[in-house]
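Peer 1: Got a sequence here, can you model it:
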Amino acid sequence: MRFPSRKAVQHFRTGTNLNSSFMDLNIQPPFPIKKDFRIGVLGSGFIVNDCHLVSYRKAGFNPVGIASRSRENAAKVAARHAIPKVYDGYDQLLDDPSIEVLDIAVPPNAQLGLIRAACARKTVKGILAQKPLGMNYAEAREAVLCCERAGIVLGVNQNMRYDQSVRAAKTLLQNGTLGEPVLATIDMRGIPHWMPWQAELGWLTLRVMSAHHLDCFRYWFGDPEGIYCSTRTDPRMTFPHTDGICAYILEYKNGLRCVAVDDTWTGPAREGCPSAIGIQWRIEGLNGLAIGDLGWCKDPYTSASTLRYAAKGDAAFHEPKWSGSWFPDAFAGTMGQLLIALETGREPAISGRDNLKTMALVDAAYLSAEKKRSVTLSEIID
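Peer 2: From the prediction side, this is the model:
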């Protein structure tokens, strides 16, 4: 079993596990020793107000300024989270040489322009970009190359990796509890918090929710050889799109198969039918079984995820409990991994360069659905 370093252990946020040693499952991510990097936030929507900044304050990080398309809305968010400076717009914040880290939380079609602008100024040390990193693989690659040329460390906010049950599953895979993985599934029956910009862009699920699940499979098992994806529209959405309900299979060279169903319709749950909403994952190995239930889509969204796991010879499932949740606690993990990279000089745990493979999988899923065939990553990655 791989344990975190002594230095990292000193910086875990404690007090969140109720009846199981979270050190055994590595549920909590390591935090940086230096927490006072000056963070400038671009964006003031729900994800910033209810997740990023709530989590940063709990972790002891140092957001010092915020800018948004609406200065009025940015000021409200700043007042709630005790952020000392509100800028008149994005450019004014980017022009401030005292900002060391950018936290970008804007729609995907606006993100690359802000990354370019930050790279042109070359004043920040690090950027935490929102997922999806670009509108497509080509845009994501441009963002990565732009940051590399400017000497800016780029991390990506693939926050499902910091859900407690997802991290526990990674530990169970690494320490051999489950043995060689045979089959893994993610079954999402949930109605996400859709954003208005999705209607403008004409896409729904693959780049928003499926990007989480594709990245999670990569986190657990590495890169697949290819993907087969089938999609249909979500009857609830009135704007033109193709990727409403998505089903896909990731094929690995060693025989492992990862299967996901991303069902954003879930039946007429908003139209008068009793609902059965949830996100479950399952990993079956040669030696054991792990089953998780994500708390994100429950009411309230701060519900903790759950985990059951057992191996050959166990009399019953182990069921560790914790009080932390994916939303909002995971967001300290994604910012934390960038700050650790800045203080140590190592690559972020979720670097822009690594995230290109997740973006390639998303593009491969679209191509597979269009061509009705399996698509390899080599068809996307140049």
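Peer 1: Show the pLDDT at Thr14.
Peer 2: Per-residue pLDDT puts Thr14 at 31.
Peer 1: What of the one 4 residues further on?
Peer 2: For Leu18, the model assigns a pLDDT of 37.
Peer 1: before we move on, what SS does Ile291 have?
Peer 2: The local conformation at Ile291, judged by DSSP: H, G, I helix; E, B strand; the rest coil, is strand.
Peer 1: from what I can see it touches Arg308, true?
Peer 2: Yes: with contact defined as C-beta atoms under 8 Å, Ile291 counts as touching Arg308 (4.8 Å). Quick note: C-beta positions are derived from backbone N, CA and C, even for glycine.
Peer 1: Which one's more surrounded, those two?
Peer 2: Between Ile291 and Arg308, counted using other C-beta atoms under 10 Å, the more crowded position is Ile291 (19 against 16).
Peer 1: tell me the contacts of the more buried one?
Peer 2: Neighbouring residues of Ile291 by C-beta atoms under 8 Å, 6 or more residues apart in numbering: 280-282, 307-309.
Peer 1: Kindly recompute the last result at 7 Å.
Peer 2: Counting by C-beta atoms under 7 Å, 6 or more residues apart in numbering, Ile291 touches 280, 282, 308.
Peer 1: Among those residues, which ones are in strands?
Peer 2: Counting by DSSP state E, the contacts of Ile291 place 280, 282, 308 in strands.
Peer 1: Thought Phe317 was touching the last one, still the case?
Peer 2: This means Arg308. Yes: the pair Arg308 / Phe317 is scored as a contact, 4.2 Å apart, by C-beta atoms under 7 Å.
Peer 1: Identify, from the contacts of Ile291, the entry nearest to Trp194.
Peer 2: Taking C-beta to C-beta as the measure, Trp194 sits nearest to Gln280 out of the contacts of Ile291, at 21.5 Å.
Peer 1: ok, now which ones touch the closest one?
Peer 2: Gln280 neighbours (C-beta under 7 Å, 6+ apart): 187, 291-293.
Peer 1: Which one of those residues is nearest to Glu343?
Peer 2: Gly292 (31.3 Å).
Peer 1: so the closest one touches Phe317, yeah?
Peer 2: No: with contact defined as C-beta under 7 Å, Gly292 does not count as touching Phe317 (11.9 Å).
Peer 1: Name the residue in these two with the higher neighbour count.
Peer 2: Between Gly292 and Phe317, Gly292 has the larger neighbour count (other C-beta under 10 Å), namely 22 against 12.
Peer 1: and Phe46, how many neighbours?
Peer 2: Phe46: 12 neighbours (other C-beta under 10 Å).
Peer 1: what does Thr242 give?
Peer 2: 16.
Peer 1: can you check Gly151 too?
Peer 2: By the criterion of other C-beta under 10 Å, Gly151 has 9 neighbours.
Peer 1: need the contact list for it.
Peer 2: The contact partners of Gly151, by C-beta under 7 Å, 6+ apart, come to Lys122.
Peer 1: Distance of it relative to Gly345?
Peer 2: Gly151 sits 12 Å away from Gly345, going by C-beta to C-beta, to the nearest Å.
Peer 1: low-confidence ranges in the stretch 51-200 of the chain?
Peer 2: Residues of the stretch 51-200 of the chain that meet the criterion pLDDT under 70 are absent altogether.
Peer 1: now the strands for it?
Peer 2: 62-67, 85-86, 101-104, 126-129, 153-156, 181-189 (DSSP state E, counting those that start in this stretch).
Peer 1: how about the nearest residue to Ser44 once chain neighbours are set aside, what does it touch?
Peer 2: Spatial nearest neighbour of Ser44, excluding adjacent residues (C-beta to C-beta, 6 or more residues apart in numbering): Ser68 at 3.8 Å. Applying C-beta under 7 Å, 6+ apart to Ser68 gives the contacts 43-44, 74.
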